[in-house]
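**Student:** Coordinates only, no sequence provided:
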């Protein structure tokens with residue numbers, strides 16, 4: 001994934017990119033929490 005444009009300036013995400021990144025992070029966090037609860041592993045989910 002490119003983090004800088006052709007001229008060296010940082011790539012800015014639009015509202016759709018920010019929404020996708022937020023939902024991806026939230027979904028990943030929920031998935032880890034469910035997995036750790038299912039495995040009875042308190043290390044990640046508490």
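**Tutor:** Structure received. All values derive from a computational prediction rather than experimental measurement.

**Student:** for the protein, which spans come out with low pLDDT?
**Tutor:** Across the chain, residues meeting the criterion (pLDDT under 70) sit at 1-5, 42-46.

**Student:** so where do the helices sit in this protein?
**Tutor:** Assigned helices in the chain, in chain order: 15-38, 42-45 (criterion: DSSP state H).

**Student:** TSV for these, including mean neighbour count and distance to residue 9?
**Tutor:** C-betas here are computed from N, CA, C, even on glycine. TSV is the format used below for the helices of the chain (neighbours: other C-beta atoms under 10 Å; distance: least, C-beta to C-beta, whole Å):
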stretch	mean neighbour count	distance to residue 9
helix 15-38	11	16
helix 42-45	11	37
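
**Student:** okay, those helices in TSV with distance to residue 8 next?
**Tutor:** Shown next, in TSV, are the helices of the chain (distance: least, C-beta to C-beta, whole Å):
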stretch	distance to residue 8
helix 15-38	20
helix 42-45	38
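
**Student:** so which of those helices comes closest to residue 6?
**Tutor:** helix 15-38 (18.2 Å; C-beta to C-beta).

**Student:** so what does that closest one touch, helix or strand wise?
**Tutor:** Packing partners of helix 15-38 (3 or more C-beta pairs under 8 Å, 6 or more residues apart in numbering; DSSP states H and E): helix 42-45.

**Student:** Find the residue at the geometric middle of this structure.
**Tutor:** residue 25 (2.7 Å; C-alpha atoms, centre = their mean).

**Student:** gap between that one and residue 34?
**Tutor:** 15 Å (C-beta to C-beta, to the nearest Å).

**Student:** Using the centroid of the chain, identify the residue furthest from it.
**Tutor:** For the chain, the largest distance from the centre (C-alpha atoms, centre = their mean) belongs to residue 7, which lies 26.9 Å off.

**Student:** give me phi/psi at that one?
**Tutor:** Phi and psi for residue 7, reported as degrees, to the nearest 10, are phi -90, psi 0.

**Student:** Run through the residues that contact it.
**Tutor:** Not one residue lies near residue 7 by C-beta atoms under 8 Å, 6 or more residues apart in numbering.

**Student:** ok, residue 13 - contacts?
**Tutor:** Applying C-beta under 8 Å, 6+ apart to residue 13 gives the contacts residue 21.
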